[in-house]
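Novice: Quick one, what's the 3D model for this:
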Amino acid sequence: MLDFRYDTFLDLCETLNYSRTAENLHLSQPTVTQHIQHLERHYGTSLFLYRSKRLQLTEKGEELYRQVRRIRGMIRQAERQMAAPTGPRTLRIGATKTIGAYVLPPAVESYLRENPDTDIDLYVDNTRALLGRLNAGLLDFAYLEGFFNKSTYAHRLLRREQFLGVCAPDSPLLGRRLELEDLLEERLIIREPGSGTREILEKMLQQFSYGVSSFRHVSQISSFDAIRSLVAGGEGITFLYRPAAESALREGKLVQLDIEGFPLLREFNFVMPEGAAPEERYLDFHRFCREFLDRESGGMPQQDIKEP
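Specialist: This is a model prediction of the structure:
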């Protein structure tokens, strides 16, 4: 087993933020600092530095990061191989809320019917929380809709989905082509920080020199059901992936806004730590889900962007 302080180091390499790492690992910020200082004393070198008030890895820090990830992947692989199988084999899967609630369930149901000896633990949370659990070895793999460092995670494409803006069916915003500027006086109802849905919106707004704070009113809610209900009731607008809005759009409770540059097309990805040797059953599950979703949507299979 690796010293527990390496877990702190790896998480800080991902977040580059002491407060966020403390939150992810349920530690105090001084404890995170102590863990890093211990490793720096052990190796006799600085692992992090600040440039323009932003935390960055040093050259030695990057080298240690690569080595520790490789070693941890080898340890996990050995633990899996040495563990005696007892009873059903369990897949520990993470999924963001859009994917876990609106995309995966039919595929998982079909998979379990065809593989009755397999158990599945599905953990649904936002992207930040899932990456923390993935890094801590609490998940075998995860399906993410948000941004992640593709140079440090092995990944395969699950599918691409539309990201769009929606409003109530009686909104005065309907019936015309809109610019983002036309929406800033509206109440933006949005997911919490750490959500992939929110992160996609934030990145898009930055391209136009806007941010979430550019909206006159902002409400943060972690439940898609609550967000859809408030928007359908005329309390504001929101941005979300089509699978999360599909039923409400079909029933006429929500209507897609006609916004310049929308809808966006964004990736849903199968993600594993780089260097971790994927068991064939992980890849079998991913292939099954992808083929199932392709059949259900009537779409053509999509090309992988990177093989784990």
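Novice: what's the longest helix in this protein?
Specialist: Counting residues, the longest helix found in the chain (DSSP state H) is helix 59-82.
Novice: What residues are bridge-paired with residue 187?
Specialist: Bridge pairing for residue 187 (DSSP bridges) gives the partners residue 217.
Novice: wait, what's in contact with it?
Specialist: Contacts of residue 187 were listed using Cβ atoms under 8 Å, 6 or more residues apart in numbering, and they are 215-219, 235-237. All C-beta atoms are positioned from the backbone trio N, CA, C, and that covers glycine.
Novice: Specify which member of those is nearest to residue 118.
Specialist: When the contacts of residue 187 are ranked by distance to residue 118 (Cβ to Cβ), residue 219 comes first, at 40.2 Å.
Novice: Would you map the strands across the protein?
Specialist: In the chain, the segments counted as strands under DSSP state E are 48-51, 54-57, 89-95, 118-124, 141-144, 153-167, 187-190, 217-220, 238-241, 255-256, 264-273.
Novice: Same list, those strands, but as CSV with distance to residue 24 and mean pLDDT please.
Specialist: Formatted as CSV, those follow (distance: least, Cβ to Cβ, whole Å; pLDDT from 0 to 100):
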stretch, distance to residue 24, mean pLDDT
strand 48-51, 16, 93
strand 54-57, 15, 92
strand 89-95, 14, 92
strand 118-124, 15, 95
strand 141-144, 14, 96
strand 153-167, 16, 92
strand 187-190, 21, 97
strand 217-220, 19, 96
strand 238-241, 24, 96
strand 255-256, 35, 97
strand 264-273, 15, 91
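Novice: so where's the protein shaky on pLDDT?
Specialist: Residue ranges of the chain with pLDDT under 70: 1-2, 76-88, 274-277, 298-308.
Novice: So which of the strands of the chain is nearest residue 290?
Specialist: Closest to residue 290 of the strands of the chain is strand 153-167 (Cβ to Cβ; 5.8 Å).
Novice: mind saving the C-alpha coords of the closest one as CSV?
Specialist: Extracted as CSV, the C-alpha positions of strand 153-167 are listed here (Å, rounded to 0.1, in the frame of the first residue of the first chain):
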residue,chain,number,x,y,z
TYR,A,153,-6.9,9.8,-17.6
ALA,A,154,-7.5,6.9,-20.1
HIS,A,155,-10.9,7.5,-21.8
ARG,A,156,-13.2,6.3,-24.5
LEU,A,157,-16.2,8.0,-26.0
LEU,A,158,-19.6,6.8,-24.9
ARG,A,159,-21.5,9.3,-27.1
ARG,A,160,-22.1,12.9,-27.9
GLU,A,161,-25.1,14.8,-26.8
GLN,A,162,-26.6,18.2,-27.4
PHE,A,163,-26.3,20.9,-24.7
LEU,A,164,-29.1,23.5,-25.0
GLY,A,165,-30.9,26.3,-23.3
VAL,A,166,-34.6,25.9,-22.3
CYS,A,167,-37.4,28.0,-20.8
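Novice: And residue 49, how close does it get to residue 41?
Specialist: 16 Å (Cβ to Cβ, to the nearest Å).
Novice: same check, this time on residue 242
Specialist: Residue 242 sits 51 Å away from residue 41, going by Cβ to Cβ.
Novice: Residue 222 now?
Specialist: Residue 222 is 40 Å from residue 41, by Cβ to Cβ.
Novice: what's the answer for residue 200, then?
Specialist: Relative to residue 41, residue 200 is positioned 40 Å away (Cβ to Cβ).
Novice: re earlier: neighbour count winner among residue 242 and residue 41?
Specialist: Set residue 242 next to residue 41 and count neighbours by other Cβ atoms under 10 Å: residue 242 wins out with 16 against 9.
Novice: contacting residues for that one?
Specialist: By Cβ under 8 Å, 6+ apart, the neighbours of residue 242 are 161-164, 249, 263.
Novice: quick one: contacts for the nearest residue to residue 147 once chain neighbours are set aside?
Specialist: In space, and not counting its chain neighbours, residue 147 is closest to residue 199: 5.5 Å by Cβ to Cβ, 6 or more residues apart in numbering. Shown in contact with residue 199 (Cβ under 8 Å, 6+ apart): 127, 146-147.
Novice: Could you measure from residue 199 over to residue 287?
Specialist: Distance, residue 199 to residue 287, using Cβ to Cβ: 27 Å.
Novice: hang on, isn't residue 145 packed against residue 241?
Specialist: Yes - the pair residue 145 and residue 241 qualifies as a contact (Cβ atoms under 8 Å) at a distance of 6.6 Å.
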